[in-house]
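Visitor: Here's my sequence, what's the structure:
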Amino acid sequence: MAATPIDNDARAQQLARAIASDIQLYNKQKIEEALINDNFFDALGEEIMEGRDLFRGRVTPELFRKNYYDRAIVDRVIKPMASLKTHIW
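Guide: Reported below is the predicted structural model:
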């Protein structure tokens with residue numbers, strides 16, 4: 001029996017942040033290299049898509065369309081690397 005989808009904004013945002021944090025935790029070196037080489041979305045495409053699919057499967061379609069997951073990727077994966085020396089910023 002499948003779990004009831006999350007239908008609460010705060011819980012959906014929490015899930016999105018948790019998934020993004022896991023991506024950051026397990027792929028730190030890969031993220032650094034991808035930002036330096038300006039190929040972040042190509043290099044981490046598989047991880048990002050896997051996380052997006054997980055998020056999509058756990059929340060209602062309405063909450064999925066609010067882009068909480070994509071915002072979490074920026075906030076939890078990209079922004080923490082702001083001090084990284086790269087020509088993209």
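
Visitor: quick one: low-confidence ranges for the protein?
Guide: 1-2 (pLDDT under 70).

Visitor: At which residues are the helices of it located?
Guide: Counting by DSSP state H, the chain has helices at residues 9-26, 28-36, 40-43, 45-58, 61-64, 68-73.

Visitor: Tell me which of those is the most buried.
Guide: helix 68-73 (a mean of 20; mean count of other C-beta atoms under 10 Å). Backbone N, C-alpha and C define where each C-beta goes, glycine included.

Visitor: For that one, which outside residues touch it?
Guide: Under the contact criterion C-beta atoms under 8 Å, 6 or more residues apart in numbering, helix 68-73 has outside partners 9, 12-13, 16-17, 19-20, 23, 48, 51-52, 55-56, 59.

Visitor: Nearest to residue 89, out of the helices of the chain?
Guide: Closest approach to residue 89 among the helices of the chain (C-beta to C-beta): helix 28-36, 8.7 Å.
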